[in-house]
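*Asks:* Give the three-dimensional model of this entry:
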Amino acid sequence: MKLTSLILAIFLSAVCVSAQSLKPNDPFPLKDGINSATSDSLVGTHYWYFYAAPGNSRVTVRLKQSTTLYGAQMKTTLTVTMTDANRTWRSTKMLTANPNGAEVSFSADRVLKHQKIIISVAPPNQNLLRMGGDYEIEATGDVAFAEASVDKDPVIGTYDSMVNSYGATRFLPNGTIMASDGSEGVWKLFDEDNHIYTVVIGPYRASLQHRPGYGLVKPSEPNLIAFQEVRRRN
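*Replies:* Residues are numbered from 1 along each chain as shown. A predicted model of the protein is given here:
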């Protein structure tokens with residue numbers, strides 16, 4: 001049996017059931033332990049990666065809480081897909097919210113060589129209502145992780161400004177901010193553990209928390225978005 005076919009069969013034999021990237025060709029590295037994010041239908045699919053080493057490994061994805069509408073939990077289903085870096089195989093599972101939480105797992109046994117594995121987490125295809133939820137990814141066993149480089153700070157990217165009509169706003173790797181209305185500013189990491197940043201654009205100054213999948217929010221009001229991540233079409 002070819003290696004790619006073997007690996008595909010291994011992942012398809014899966015048992016039942018904090019940063020991210022919106023770029024399919026530039027996924028964000030998983031870290032050791034639990035990686036948390038928020039899937040949002042108004043933002044798009046998240047992409048992560050890790051390395052499967054020779055041996056056995058498992059990836060577990062948990063949907064902790066779905067979005068709410070007037071206080072009621074929405075019936076949310078996330079689509080979780082795993083593939084190799086060359087997209088020679090893929091394995092997809094659906095993760096549907098329920099009151100007790102939901103979980104899917106992918107298992108790999110007898111992996112023969114070190115290889116990069118891509119994970120995508122897609123929200124419901126819904127453009128009228130914000131749907132999705134808070135989820136976690138954890139890779140365990142014979143796995144390896146890459147360190148996020150400085151220019152991969154999770155805040156770097158393009159946002160739709162919800163404040164002061166700045167319009168499309170870019171947070172650049174060098175710590176500066178450029179807005180489509182001509183405004184300029186700076187950003188600086190203030191609290192790495194809680195992903196809180198100091199943001200200054202002209203007269204606007206705020207301490208904002210980066211919430212993966214949403215954007216930058218007020219720490220005390222995590223659903224009040226100041227800068228919303230721009231949705232990318234796959």
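*Asks:* Where does the prediction get shaky in the chain?
*Replies:* Residues of the chain meeting the criterion pLDDT under 70: 1-20, 66-74, 127, 148-152, 231-234.
*Asks:* Go through the longest strand belonging to the chain and flag the buried ones.
*Replies:* For the chain, the longest strand by residue count, based on DSSP state E, is strand 46-66. Using 16 or more other C-beta atoms under 10 Å as the test for burial, strand 46-66 gives 46-52, 56-63, 66. (Glycine included, C-beta is placed from N, CA and C.)
*Asks:* Among these, which pair sits farthest apart?
*Replies:* Maximum pairwise distance in these, criterion C-beta to C-beta, is 31.5 Å, between Asn56 and Ser66.
*Asks:* Which strand residues bridge the nearest residue to Glu136 once chain neighbours are set aside?
*Replies:* The shortest distance from Glu136 to any non-neighbouring residue, by C-beta to C-beta, 6 or more residues apart in numbering, is to Arg62 (4.6 Å). Assessed by DSSP bridges, Arg62 has beta-bridge partners Glu103, Glu136.
*Asks:* Also Ala122?
*Replies:* In this entry, Ala122 is beta-bridged to Thr79, by DSSP bridges.
*Asks:* My guess is it contacts Thr77. True?
*Replies:* No - applying C-beta atoms under 8 Å, one finds Ala122 not in contact with Thr77, separated by 9.5 Å.
*Asks:* picking that back up, can you tell me which of the buried residues of strand 46-66 lies closest to Tyr166?
*Replies:* Among those, and counting by C-beta to C-beta, the member closest to Tyr166 is His46, at 24.7 Å.
*Asks:* what helix or strand is Leu208 on?
*Replies:* strand 204-211 (DSSP states H and E).
*Asks:* counting contacts, what elements does that strand pack onto?
*Replies:* strand 196-201, strand 215-218, strand 221-229 (3 or more C-beta pairs under 8 Å, 6 or more residues apart in numbering; DSSP states H and E).
*Asks:* residues in contact with the first one?
*Replies:* Here strand 196-201 makes contact (C-beta atoms under 8 Å, 6 or more residues apart in numbering) with 155, 164, 166, 169, 177, 179, 183-190, 205-210, 216, 219, 226-227.
*Asks:* Tell me what angle it forms with strand 204-211.
*Replies:* Relative orientation of strand 196-201 and strand 204-211, computed by axes from the mean of the first three to the mean of the last three C-alpha atoms, to 10 degrees: 140 degrees.
*Asks:* Can you tell me the strand partners of strand 196-201 and which way each runs?
*Replies:* Strand 196-201 has these strand partners (DSSP bridges): strand 184-191 (antiparallel), strand 204-211 (antiparallel).
*Asks:* Out of those, flag the one nearest Leu95.
*Replies:* Proximity of those to Leu95 was assessed by C-beta to C-beta; the nearest stretch is strand 204-211, lying at 19.5 Å.
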